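Q: sequence below, structure please.
(chains A and B)
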Number of protein chains: 2
Amino acid sequence: MIFGGLPGKVHDNAMNHQTRDFAMRDITTTMPLTVRMRRSPFWARSHAAGAQGYIVYNNMLIATGFACGEEDYRHLKSAVQLWDVGCERQIEISGPDAARLVQMSTPRDISKMVDDQCFYIPTVDRRGYMTNDPVLLRLDEDRYWVSIADSDLILYYKGLAAGLGLDVSVHEPQVAPLGIQGPKADELAARIWGAQVKDIRFFRHARVDVNGTPMVLARSGYSVQGGYELYFEGETGGDILWDQLMEAGRDLDVCAGCPCQAERVEAGLLSYLSDITPDMTPFEAGLGRFCDMERDPGCLGWDALQAKQTPTRQIRPIEIAGDPLPPQGTFWPVEAEGQRVGRISSSCRAYDFDCNAAIGLIDASHWEPGTAVQVHTPAGMREAEIKEKFWGKF
Amino acid sequence: MIFGGLPGKVHDNAMNHQTRDFAMRDITTTMPLTVRMRRSPFWARSHAAGAQGYIVYNNMLIATGFACGEEDYRHLKSAVQLWDVGCERQIEISGPDAARLVQMSTPRDISKMVDDQCFYIPTVDRRGYMTNDPVLLRLDEDRYWVSIADSDLILYYKGLAAGLGLDVSVHEPQVAPLGIQGPKADELAARIWGAQVKDIRFFRHARVDVNGTPMVLARSGYSVQGGYELYFEGETGGDILWDQLMEAGRDLDVCAGCPCQAERVEAGLLSYLSDITPDMTPFEAGLGRFCDMERDPGCLGWDALQAKQTPTRQIRPIEIAGDPLPPQGTFWPVEAEGQRVGRISSSCRAYDFDCNAAIGLIDASHWEPGTAVQVHTPAGMREAEIKEKFWGKF
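A: This is a model prediction of the structure:
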């Protein structure tokens, strides 16, 4: 039974492009801070330090900037910043079936991880599509933290554990990472926790004493400037640690900061739900090197991925010609000879390289380095070129 | 191995209360509109109509108001509004095991649903804790939409389906609900789809013709003023339908709107992640009437819920004395004789009842109607009383 329907001609949708264009220009809005936006133990300090705005990530507030974009970028590359990245929530998976449960979610073989190791793992559903791109911390042979990007991956593990009756506990502990990022991060951390922390290798972790409580300090972070993430446990005392770090690092010019769009885009650090979307495989995201495809390590999406190893579109670095562009509010279409061949998901002024750097998802027909394409931007159509590599050091 | 630790006394945390208080007063911020915040086919029209701000809900933008709070409230109660509630995402579950999979997630027996029916279902994990509070639509005996509140419940279903190898498809279709809410919603809908839509009963749905495409129209919505939700399918054409409704309802004073905090709080409509948190059972949320506890319908959390039928805290209506209060940015502690006995999660000025209405989670010791308590608000300590019922009609 289908009711009704208006007689006569439907309005034409000539307005569509105008409204889309309008939306792209209107790049900020007002957001009330409500109960549903959780705040970390560092939030009050970070906020008081002058966070200019926030986005919501895993139902938590994460700052978007403190000074102007270029100033935040140059400071991150020359000094050290404290980042309230409490929005990187932890899923704690523990018990006899912990490793098996984690392995079901990712094509990366985790069987050889050691207890002080971190792994970047693409996680996938049974069709091989990405559900998150977390950092996995092995704390013990039967205890892991999955430090997630922006999706409720905990519900996937809960579903699996419930359906299969696994002997495992899955919960979200009170853990909020604090980023200590920048070239002077080693020196700052050493002043608080001793020179030994300088010896922590990349994507390894150790325990440090945080005012009487042992906590995990990992050499990791969402920048390529070096540094750590401290996995702060508990609901209180974040302000105390924050003040200690600020005090200890005064002569290092330590400042409040946050993930820097310009720095992470020029370095090709991907963002789940911006660059990586849930309709993409790890191969499309350019994460094939994190997939062990020789034999199935126990991933429920492995069979599906077998058939998807040769993508027809993939993430690529792209340089967009001309003056700096406005911040990106929507995907920007990428065209060649008037045909759509991809989209730009993130872009920035790469100040150190004096160009517009971007992350795009590009069809195989046009993804070779050197290929000329055009990008629809809010500042008009721009010439662009597929690049061989991203700009920032890695 | 635990490194370091600062010698000497830790700073005392006398600042804690000040910073918390500061955070409560600072109730709005700036949010850039980025790629990760998806927009519905109605967003451009709703935005152009003057949405004053947004929050992020299921990674989509949802407006928080258009006029002042009281004006939006009075208009909703007297006329009709169009709400872009595209953030109510759909999980489409179809195939031979569809009903079984849905049933695993909820203690409400769905076996007697008919094809044009909607069910409000608490969903729970295997420990009986709430994962969402969606509206379930049965489209067919092996095809359901789960119209979700703010969590990625799709990942729970994907985990279950993958782990158990169920013969079922789980995906998020391109469906964005449009709310048509208010006492004149029936008249407006009838002008577009014919008088038959007035016969759709509460929590039933029918198919209507939307410019050539059949779509689901349900008598439901996140207000108690009556009306519909149209489950709009596709990425384009939302503006056309919006304009048709605005044109057809001009003499009914149709306006753009959004869920109204004052109207929903006074009526006791709960919000997942505000009033209901993932550490609560349906019984604590006051949703016991939606749990079939006589025999297990096939819910994986049913055994755990058996043991949790007598909660020690539960959601209650609360009247807070005095002048109107500022908007709520954090939980407000509820006390009695200096002891904490609960929290306020949502509050409003209930203009029609000339009081401050609130939703609280209150310990059994103090939840009897008539009990006097005190509430810590940003405007100071206030006297308050547990009420028998919420204020708005239901």
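Q: how near is the closest residue in space to A:Arg127 that isn't next to it in sequence to chain B?
A: Closest residue in space to A:Arg127, ignoring its immediate chain neighbours: A:Ala304 at 4.9 Å, by CB to CB, 6 or more residues apart in numbering or on different chains. (Glycine included, C-beta is placed from N, CA and C.) As judged by CB to the nearest CB, to the nearest Å, A:Ala304 and chain B stand 10 Å apart.
Q: from what I see, A:Ala304 and A:Gly128 are in contact.
A: Yes: with contact defined as CB atoms under 8 Å, A:Ala304 counts as touching A:Gly128 (3.8 Å).
Q: these two - which one has more neighbours?
A: Neighbour tally, A:Ala304 and A:Gly128, criterion other CB atoms under 10 Å in any protein chain shown: the higher count belongs to A:Gly128, 25 against 17.
Q: list the contacts of that one.
A: Taking CB atoms under 8 Å, 6 or more residues apart in numbering or on different chains, we find A:Gly128 in contact with A:281-282, A:301, A:304-305, A:308.
Q: can you classify it by secondary structure?
A: The local conformation at A:Gly128, judged by DSSP: H, G, I helix; E, B strand; the rest coil, is coil.
Q: quick one, phi psi at A:Gly268?
A: Dihedral pair for A:Gly268: phi 80, psi 20, per degrees, to the nearest 10.
Q: run a quick neighbour tally on the closest residue to it other than its chain neighbours.
A: What sits nearest to A:Gly268 in space, not counting adjacent residues and going by CB to CB, 6+ apart, is A:Phe390, at 3.3 Å. For A:Phe390, the count of nearby residues is 20 (other CB under 10 Å).
Q: wait, A:Phe390 sits on A:Glu266?
A: Yes: the pair A:Phe390 / A:Glu266 is scored as a contact, 6.4 Å apart, by CB under 8 Å.
Q: what sits in contact with each of the two?
A: Common contact partners of A:Phe390 and A:Glu266 (CB under 8 Å, 6+ apart): A:Ala357.
Q: helix or strand next in line after the helix or strand bottoming out on mean pLDDT in chain A, which one?
A: Here the helix or strand of chain A ranked lowest by mean pLDDT, DSSP states H and E is helix A:15-25, holding a mean of 39. Later in the chain than helix A:15-25, the nearest helix or strand by DSSP states H and E is strand A:28-32.
Q: helix, strand, or coil at A:Arg247?
A: Check again: residue A:247 is Glu, not Arg. Reduced to three states by three-state DSSP, A:Glu247 is helix.
Q: so how far is A:Arg191 from it?
A: 10 Å (CB to CB, to the nearest Å).
Q: domain-wise, how is chain A divided?
A: Listed domain ranges for chain A are A:43-88+A:174-263, A:90-171, A:312-394 (source: automatic domain parsing).
Q: what segments of chain A are helices?
A: For chain A, helices defined by DSSP state H occupy the ranges A:15-25, A:43-48, A:69-78, A:98-104, A:153-164, A:185-193, A:238-248, A:261-267, A:302-306.
Q: between helix B:153-164 and the fifth one, find me the angle.
A: To tie it back to what came earlier, the one meant is helix A:153-164. Here helix A:153-164 runs at an angle of 30 degrees relative to helix B:153-164 (axes from the mean of the first three to the mean of the last three CA atoms, to 10 degrees).
Q: so which elements touch helix A:153-164?
A: Helix A:153-164 is packed against strand A:90-94, helix A:98-104, strand A:130-132, strand A:169-171, helix B:153-164, with contacts defined by 3 or more CB pairs under 8 Å, 6 or more residues apart in numbering or on different chains; DSSP states H and E.
Q: right, and these - which one's nearest B:Ile62?
A: In terms of CB to CB, the element of those nearest to B:Ile62 is helix B:153-164, at 17.3 Å.
Q: which residues touch the residue nearest the centre of chain A?
A: Centroid check for chain A by CA atoms, centre = their mean gives A:Ser271 as the closest residue, at 3.9 Å. For A:Ser271, the contact set (CB under 8 Å, 6+ apart) comprises A:149, A:264, A:345-346, B:36.
Q: 10 Å instead, please
A: By CB atoms under 10 Å, 6 or more residues apart in numbering or on different chains, the contact list for A:Ser271 reads A:57, A:133, A:149-150, A:222, A:259, A:261, A:264-265, A:345-346, A:359, B:34-36.
Q: show me the residues you listed that map onto strands.
A: Cross-referencing the contacts of A:Ser271 against strands under DSSP state E gives A:57, A:345-346, A:359.
Q: good, wrapping up.
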